[in-house]
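> From the sequence below, what's the structure:
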Amino acid sequence: MAAVAVLRAFGARGAHVSPARPLGPAVRPLLQPGPGRSWAAGVEPRPTSARQLDGIRNIVLSNPKKRNALSLAMLKSLQSDILHDADSNDLKVIIISAEGPVFSSGHDLKELTEEQGRDYHAEVFQTCSKVMMLIRNHPVPVIAMVNGLATAAGCQLVASCDIAVASDKSSFATPGVNIGLFCSTPGVALARAVPRKVALEMLFTGEPISAQQALLHGLLSKVVPEAELQEETMRIARKIASLSRPVVSLGKATFYRQLPQDLGTAYYLTSQAMVDNLALRDGQEGITAFLQKRKPIWSHEPAF
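Model (predicted):
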């Protein structure tokens with residue numbers, strides 16, 4: 001698939017995703033010390049964890065003590081978890097969530113001081129941009145599950161996901177201007193998720209918006225009470241996971257491809273996509289099943 005080729009172009013494959021387990025509070029980092037042992041001095045735990053069950057991969061930002069800051073290590077770990085087996089039919093949807101009261105505070109400012117130097121700073125922002133583009137180009141839908149504060153690059157991460165479900169206690173901001181570092185890269189995703197004037201007010205003032213305001217302006221798909229957040233996110237994920245992967249993948253790629261086009265080009269691209277969709281084994285299976293008044297049996301094969 002073209003989308004997978006794009007992902008491979010970014011490199012960084014081969015992160016380990018541990019065997020399937022129930023999702024939820026039991027999720028732990030992938031790399032753990034053995035029984036009765038602790039992490040050696042100077043050795044940091046892996047900043048993300050990942051579990052996959054029934055086609056749903058749950059990636060968790062797992063550094064709440066540092067407000068899940070998107071350090072270079074966090075970004076690379078997240079990138080690996082996103083890329084792992086991206087072309088596998090066993091993967092149908094990805095959920096990105098976080099431990100603790102802060103979804104993500106954005107970049108680790110300790111990495112952005114002059115001591116690190118320009119080359120290191122460039123690597124941080126280039127890696128972050130790659131992660132955001134990986135989400136957009138990934139063949140399966142990516143859902144942000146937000147319970148708490150998402151600021152700067154953390155807000156960028158939410159805006160980059162295909163779907164975003166948040167608790168009513170969540171809030172969102174791009175406050176870089178307050179510390180002299182304008183949120184230019186977060187503004188890329190933000191401006192593609194909310195109206196221009198809303199994005200610019202957030203970027204120029206750094207003031208946070210509530211979950212309800214974020215929903216109103218299009219940054220979020222849905223806002224639910226905190227107690228219902230995981231249940232509702234999983235409901236959406238399970239629905240997507242029950243569908244044909246190649247059909248959903250084609251649909252996602254086509255949606256983003258037509259979005260910046262003029263009306264005529266958009267209809268040309270989507271018309272071609274509909275024809276390609278009909279050439280998929282699952283495209284024909286779905287129509288046949290509907291006509292025969294039965295449930296479709298998806299093959300998840302890319303074509304005849």
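
> quick one: the helices in the stretch 1-150 of the chain?
Remark: helices of the stretch 1-150 of the chain, listed N- to C-terminal, are 2-9, 72-83, 118-137; assignment by DSSP state H, counting those that start in this stretch.

> and those helices, which is most packed in?
Per residue and on average, the most neighbours among these fall to helix 72-83, with a mean of 22 (mean count of other Cβ atoms under 10 Å). Quick note: C-beta positions are derived from backbone N, CA and C, even for glycine.

> tell me the domain ranges of the chain?
The record, using the TED database to delimit domains, assigns the chain the ranges 48-241, 244-292.

> State the mean pLDDT of the shortest one.
In other words, domain 244-292. Taken as a whole, domain 244-292 has a mean pLDDT of 97.

> Put together CSV for the helices of the stretch 1-150 of the chain, with mean pLDDT and distance to Glu226 on each row.
Listed next are these as CSV, based on pLDDT from 0 to 100; distance: least, Cβ to Cβ, whole Å:
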stretch, mean pLDDT, distance to Glu226
helix 2-9, 52, 33
helix 72-83, 98, 24
helix 118-137, 98, 24
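
> So which of those helices is nearest Thr270?
Of all these, helix 2-9 sits nearest to Thr270, with 15.8 Å by Cβ to Cβ.

> which one of the domains of the chain lies closest to Trp298?
So among those, domain 244-292 is nearest, using Cβ to Cβ, at 4.4 Å.

> what ranges do the strands span in the chain?
Per DSSP state E, the chain has strands spanning 48-53, 56-61, 93-98, 102-104, 142-146, 149-151, 163-167, 171-173, 209-210, 222-224. These are given in chain order.

> now for these, which one comes closest to Cys128?
Distances from Cys128 to each of the strands of the chain were compared by Cβ to Cβ, and the smallest falls on strand 102-104, at 11.2 Å.

> Flag every buried residue along the closest one.
For strand 102-104, the neighbour count (16 or more other Cβ atoms under 10 Å) marks 102-104 as buried.

> who does it pair up with?
Taking DSSP bridges as the criterion, strand 102-104 forms sheet pairs with strand 149-151 (parallel).

> Distance to Glu301 added to the domains of the chain, as a markdown table?
Shown next, in a markdown table, are the domains of the chain (distance: least, Cβ to Cβ, whole Å):
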| stretch | distance to Glu301 |
| --- | --- |
| domain 48-241 | 8 |
| domain 244-292 | 5 |
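
> just how off-centre is stretch 50-59 within its chain?
13 Å (Cα atoms, centre = their mean, to the nearest Å).

> cool, and stretch 98-109?
For stretch 98-109, the distance between its averaged C-alpha position and the chain's averaged C-alpha position is 15 Å (Cα atoms, centre = their mean).

> Endpoints of it, how far apart?
19 Å (Cα to Cα, to the nearest Å).

> List the buried residues for that stretch?
Buried residues in stretch 98-109, counted by 16+ other Cβ under 10 Å: 98-100, 102-108.

> got these as CSV, with pLDDT and distance to Trp298 columns?
Rendered in CSV, the data for the buried residues of stretch 98-109 read as follows (pLDDT from 0 to 100; distance: Cβ to Cβ, whole Å):
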residue, pLDDT, distance to Trp298
Ala98, 98, 32
Glu99, 97, 34
Gly100, 96, 37
Val102, 98, 38
Phe103, 98, 33
Ser104, 98, 34
Ser105, 98, 40
Gly106, 97, 39
His107, 98, 40
Asp108, 97, 42
